[in-house]
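**Q** Curious how this folds, go ahead:
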Amino acid sequence: MIMFDSNEAAQYKTGLSGWVSKDGFFWGENERAARYQGCTHRSCEDCGQPVEKSYLICKDCRDKKDKAKFDAMPKEVWNEEGGVYSDAIDKYFWSWDEVEDFCEDEGIKEEDLRLVICEPQYPRQIEEDYFEDELPEDGEVPDSIIKAIEDFNKVLKEAGPLSWYPGNKAAIRKV
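**A** Numbers count the residues shown, from 1 in each chain. The predicted structure follows:
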């Protein structure tokens, strides 16, 4: 236990030297940490333009990299199973009609959305060793529990996907 008025809690020091950030934090010889603590912006690592300190590269450079990554993706026809995700605007769509309506309402082109085909996220199966930590050494899970796990896993498989997440293929229309 260290009490508030104890010399262990804090001590007045003299003769210190080192880096202090603009908000008064002492960083010793760590100039980089002091400068980061005290700044609001830094230079973009790609183009050198000012960018908020929490980012390494500016929005324009991030957009260029995102577009290049999208352009490099393999293309596949989306058959409207599941959804597509717009990498450009962080939005999911569930049909081509929905995409068309959105583009018309917003006055943008479909290709500007950078649509990515979504992959299904299925419920995780329960493994038979799920209760291993509760068993004594050399103990075994009762057959009734193993049967229940098998039955439950069958229900999970038949339930279909719980959600969808962006995959690694760009969506194109059937020609």
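
**Q** hey, where'd the strands end up in this protein?
**A** 19-20, 26-28, 41-43, 50-52, 75-77, 84-86, 91-93, 115-121, 163-172 (DSSP state E).

**Q** ranking those by burial, who's on top?
**A** Most buried of the strands of the chain by mean neighbour count (mean count of other Cβ atoms under 10 Å) is strand 84-86; its value is a mean of 23. C-beta here means a position set from N, CA and C on the backbone, and glycine is covered the same way.

**Q** Quick one: the strands of the chain as CSV, columns for distance to residue 132 and mean pLDDT too.
**A** Shown next, in CSV, are the strands of the chain (distance: least, Cβ to Cβ, whole Å; pLDDT from 0 to 100):
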stretch, distance to residue 132, mean pLDDT
strand 19-20, 51, 90
strand 26-28, 47, 89
strand 41-43, 49, 93
strand 50-52, 47, 93
strand 75-77, 41, 95
strand 84-86, 37, 97
strand 91-93, 38, 97
strand 115-121, 26, 96
strand 163-172, 29, 95
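
**Q** any chance of these in a markdown table, plus distance to residue 130?
**A** Below are the strands of the chain laid out as a markdown table (distance: least, Cβ to Cβ, whole Å):
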| stretch | distance to residue 130 |
| --- | --- |
| strand 19-20 | 52 |
| strand 26-28 | 48 |
| strand 41-43 | 47 |
| strand 50-52 | 45 |
| strand 75-77 | 36 |
| strand 84-86 | 32 |
| strand 91-93 | 32 |
| strand 115-121 | 20 |
| strand 163-172 | 23 |
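
**Q** What lies in contact with stretch 153-170?
**A** With Cβ atoms under 8 Å, 6 or more residues apart in numbering as the test, stretch 153-170 has contacts from 70, 73-76, 82-83, 85, 87, 92, 114-126.

**Q** Give me the domain ranges for the protein.
**A** Domain assignment of the chain by automatic domain parsing yields the ranges 17-64, 128-158.

**Q** and of the ones you listed, who's closest to residue 172?
**A** Taking Cβ to Cβ, domain 17-64 is the member of the domains of the chain nearest to residue 172, at 21.3 Å.

**Q** Straight-line length of that closest one, end to end?
**A** 43 Å (Cα to Cα, to the nearest Å).

**Q** Could you do stretch 26-45 as well?
**A** Note: stretch 26-45 ends 27 Å apart using Cα to Cα.

**Q** Which helix in this structure has the most residues?
**A** helix 143-159 (DSSP state H).

**Q** Just the CA trace of that helix, in CSV.
**A** Only the C-alpha atoms of helix 143-159 are listed here, as CSV (Å, rounded to 0.1, in the frame of the first residue of the first chain):
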residue,chain,number,x,y,z
ASP,A,143,-22.5,-40.4,-24.8
SER,A,144,-25.7,-38.4,-24.2
ILE,A,145,-23.8,-35.2,-24.3
ILE,A,146,-21.9,-36.2,-27.4
LYS,A,147,-25.2,-37.1,-29.1
ALA,A,148,-26.6,-33.7,-28.1
ILE,A,149,-23.6,-32.0,-29.6
GLU,A,150,-24.0,-33.9,-32.8
ASP,A,151,-27.7,-33.0,-33.0
PHE,A,152,-27.0,-29.4,-32.2
ASN,A,153,-24.2,-29.2,-34.8
LYS,A,154,-26.6,-30.6,-37.4
VAL,A,155,-29.1,-27.8,-36.6
LEU,A,156,-26.3,-25.3,-36.9
LYS,A,157,-25.4,-26.6,-40.4
GLU,A,158,-29.0,-26.5,-41.6
ALA,A,159,-29.6,-23.0,-40.2
